[in-house]
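Trainee: Predicted coordinates and the sequence they were generated for:
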Amino acid sequence: MSPHLKNIQLRQKQDMIFCYIGLLVLLFSFLTLITLIWDLAVTGVPRINILFFTNFPSRFAEQAGILSAWVGTLCVMITTAVFAIPLGIAAGIYLEEYAPKNFLTQMIEINISNLAGIPSITFGLMALGIFVYEFGFGRSILTAGLTLGLLVLPIIIVATRESIRTIPNSIREASFALGASRWQTIWNHVLPYSSGGILTGVIISLSRAIGETAPLITIGALTFIAFLPTSPIQPDFPFLSFQWLKDPFTVMPIQMFNWLSRPQADFHVNAAATGIVLLVMTLLMNGMAIYIRYRFRKKFNW
Amino acid sequence: MSSQLHNQSLIHKSDSAKAEALKLESPESNLLRAEVKKLSFSYGSKRVLNQVSMKIHSNKITAMIGPSGCGKTTLLRCFNRMHDLYSQVTYQGEILIYPEAKNILSKEIDPMEVRMRIGMVFQKPNPFPKSIYENVAFGLRVRGIRKKSYLEDRVEQSLQQAGLWTEVKDRLNSSATSLSGGQQQRVCIARALATQPEMLLLDEPTSALDPISTGNIEELIGELKKDVTIVLVTHNLHQAARCSDYTAFMYIGDLIEFGASGDLFTTPKDSRTENYITGRFG
Ligand SMILES: Nc1ncnc2c1ncn2[C@@H]1O[C@H](COP(=O)(O)OP(=O)(O)OP(=O)(O)O)[C@@H](O)[C@H]1O
Ligand SMILES: [Mg+2]
């Protein structure tokens, strides 16, 4: 008999024990999630139909819909994306490719990472002071978009930097050695090879913004809105209008919150249905992020 | 005893190189292309090059040899200002480029201009994770060349020169990173050739290649000499003796000996050079 047998058996037992503990923990968190979704789905899914999407909120629970909420969410997300994506990516590129590595940039780096962890309601307070009162943007889609934009900016910057950093220096050297400028190197190599990671970060950050409620309540988003923002396309010259940016709004999580805070159980069903819609949207976005990462990983391998 | 034999064969091999060097020793063929003057270099506080001075002759092959870590790559990368990409390095001294006698290390000179005139093949193959075609064409695209027929011609010609054309001509659009190590190295050589630089820096270009491909590259280097000045770093002493006109022997940051390859390999002046080429150290 092998002299190692006892030792091997002991270590195999250790492996087994850890394996079971891990599985148990996983099962527990998974079950919590499933219960949550299941509970939400059982209550909410039967309520979801076309009218639910095309009706404004109403005093009657059966007639109430999320039209103003999902249009509001869409408008706010577009504003957030237009503001935060270019700024975040540009900042990430600057910090990683252009900025000298000194004390100042190191401080900026640390602070950006810290910003990502600040409670979102603080952003709401700041936006109330700056955007609503100082700049006079009002309790509008613009204010909301900028607020959520600031909230997710650090996430986009960090994701951009992380994925740029995975590109080996030898690739940059190869490009520079052929006489390329810094911008040519970034545009032709750094950005394409890191775009998988950047896109993933962008989508994750937007899927975080879509569920944010606290900062929007702080800036004074309305909870009951029975009209849509001004259409961006107008019949008269100049045909395009940005009036919608100045319009009041509501978003899906706020609509949900509103319904939940009512005593009637029928409204709670509406809230559950809204929750399902929001959940599906977030899951879809995360799925897209995973798919994009997978695609790019296959495309550029070294 | 074995090192003795080693030396013998080296001398024998270098005879033809020596004869060629003598044959070409007419004044106009010995124009200077570049001159390194008292170049010192440090990574942080670590001194890597000590007051190195050497001449690079026009349309000649200058080989740099020396034990691993002696500073060959560092010196080579000074020629195209590669070190400017990093902040922790310091260097003093000059590299003059002739006929203008311009100091390419001067702050007034844009490194981009230097790199457009001086091409480089790196020690480790570093193809872009793009198609073979895009790899070779990139240097031309950087220069604003868009004409498809011209690009295609240059890509084919460069790949042919690098001895890769027949292997990849049917899959120019497949990724360069899916090639073997030696093929990748030849893509990098083709990439450097495509822009027709006036000077070419080769950092162990054949270290990943089999003897036949190595032979082809050496032949290519010999042909290129007509148009291009070549600086070649190599650990292969036979290669240095076979194809270079001048050889520099470096040792721990110092340039120990520089001279016509024929002389350096047959009658080294410094005992360290002799020890190295006879295989007693390094
Ligand atoms: N980025 C760096 N930072 C710090 N030290 C470095 C760096 N690159 C190289 N060195 C050091 O500089 C010295 C010279 O390195 P270099 O790469 O020039 O050697 P080499 O002659 O090309 O060697 P090899 O033949 O192994 O390629 C070595 O001691 C090395 O450790
Ligand atoms: Mg080296």
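Mentor: That came through, no problem. Note that the structure is a prediction, hence the values are computed from the model and not measured. Ligands and ions are numbered 1, 2, ... in the order given.
Trainee: Low-confidence stretches in the stretch 151-300 of chain A?
Mentor: Applying pLDDT under 70 to the stretch 151-300 of chain A picks out residues A:223, A:234-235, A:240.
Trainee: Could you list the residues of it in contact with chain B?
Mentor: Contact residues, the stretch 151-300 of chain A versus chain B (Cβ under 8 Å from any Cβ of the partner chain): A:168-181, A:184, A:188-189, A:193, A:299-300. No exception for glycine: its C-beta is placed from N, CA and C like everyone else's.
Trainee: how does it look with 7 Å?
Mentor: A:170-174, A:176-181, A:184, A:189, A:193, A:300 (Cβ under 7 Å from any Cβ of the partner chain).
Trainee: In the stretch 151-282 of chain B, what residue lies closest to chain A?
Mentor: B:T177 (5.0 Å; Cβ to the nearest Cβ).
Trainee: Surely that residue is in a helix?
Mentor: Yes - according to DSSP: H, G, I helix; E, B strand; the rest coil, B:T177 belongs to a helix.
Trainee: Mind pulling up the pLDDT for the residue in the stretch 51-200 of chain B positioned nearest to ligand 2?
Mentor: Closest residue of the stretch 51-200 of chain B to ligand 2, Cβ to the ion: B:T73 (3.1 Å). Per-residue pLDDT puts B:T73 at 94.
Trainee: B:L202: what secondary structure?
Mentor: strand.
Trainee: what's it in contact with, if anything?
Mentor: B:V121, B:I230, B:V231, B:L232, B:V233 (Cβ atoms under 7 Å, 6 or more residues apart in numbering or on different chains).
Trainee: any idea which element A:T79 lies in?
Mentor: In the assignment (DSSP states H and E), A:T79 maps to helix A:67-93.
Trainee: measure the residue of the stretch 151-282 of chain B closest to chain A to B:G163 for me?
Mentor: 19 Å (Cβ to Cβ, to the nearest Å).
Trainee: How about B:R77?
Mentor: Taking Cβ to Cβ, one finds B:R77 at 25 Å from B:G163.
Trainee: and what of A:A289?
Mentor: For A:A289, the distance to B:G163 equals 44 Å [Cβ to Cβ].
Trainee: Grab the nearest non-local neighbour of the residue in the stretch 1-150 of chain A that ligand 1 sits nearest to.
Mentor: Nearest residue of the stretch 1-150 of chain A to ligand 1, counting by Cβ to the nearest ligand atom: A:K101, 14.2 Å away. Closest residue in space to A:K101, ignoring its immediate chain neighbours: B:S87 at 6.1 Å, by Cβ to Cβ, 6 or more residues apart in numbering or on different chains.
Trainee: if we can go back for a sec, burial check on the residue of the stretch 151-282 of chain B closest to chain A, number of neighbours?
Mentor: Applying other Cβ atoms under 10 Å in any protein chain shown, we find 18 residues neighbouring B:T177.
Trainee: In this structure it contacts B:S131, no?
Mentor: No - B:T177 lies out of contact with B:S131 (Cβ atoms under 7 Å); the separation is 10.1 Å.
Trainee: Kindly report the residues of the stretch 1-150 of chain B close to chain A.
Mentor: Proximity of the stretch 1-150 of chain B to chain A is confined to B:80, B:82, B:85, B:87, B:112, B:115-116, B:120, B:122, B:124, B:126, B:128-129, B:138-139, B:142-143 under the rule Cβ under 7 Å from any Cβ.
Trainee: again, 6 Å this time
Mentor: B:N80, B:M112, B:R115, B:M116, B:M120, B:N126, B:P129, B:F138, B:G139, B:V142 (Cβ under 6 Å from any Cβ of the partner chain).
Trainee: Out of these, which comes closest to A:E97?
Mentor: B:M112 (15.5 Å; Cβ to Cβ).
Trainee: And the helices in the chain?
Mentor: The chain I'm using is chain A. A:5-44, A:50-54, A:67-93, A:103-115, A:120-127, A:141-165, A:169-177, A:182-185, A:191-209, A:214-218, A:252-260, A:265-299 (DSSP state H).
Trainee: wrong chain, I was asking about chain B
Mentor: So, for chain B - with DSSP H - the helices run B:2-23, B:72-79, B:111-117, B:132-142, B:148-161, B:165-168, B:181-194, B:211-224, B:237-243, B:261-266, B:271-277.
Trainee: Any idea which of those helices gets closest to A:T54?
Mentor: Closest among the helices of chain B, using Cβ to Cβ: helix B:132-142, at 49.1 Å.
Trainee: Check which helices and strands the closest one sits against.
Mentor: With contacts taken as 3 or more Cβ pairs under 6 Å, 6 or more residues apart in numbering or on different chains; DSSP states H and E, helix B:132-142 sits against helix B:148-161, helix B:181-194.
Trainee: The last one near chain A at all?
Mentor: No - using Cβ under 6 Å from any Cβ, helix B:181-194 never reaches chain A; the gap is at least 6.9 Å.
Trainee: what sits up against that helix?
Mentor: B:119, B:121, B:125, B:127, B:135-136, B:139-140, B:154, B:158-159, B:161-162, B:164, B:176, B:205, B:208-209, B:213 (Cβ atoms under 6 Å, 6 or more residues apart in numbering or on different chains).
Trainee: How far away from the center of its chain is it?
Mentor: Relative to the centre of its chain, helix B:181-194 is centred 13 Å away, using Cα atoms, centre = their mean, to the nearest Å.
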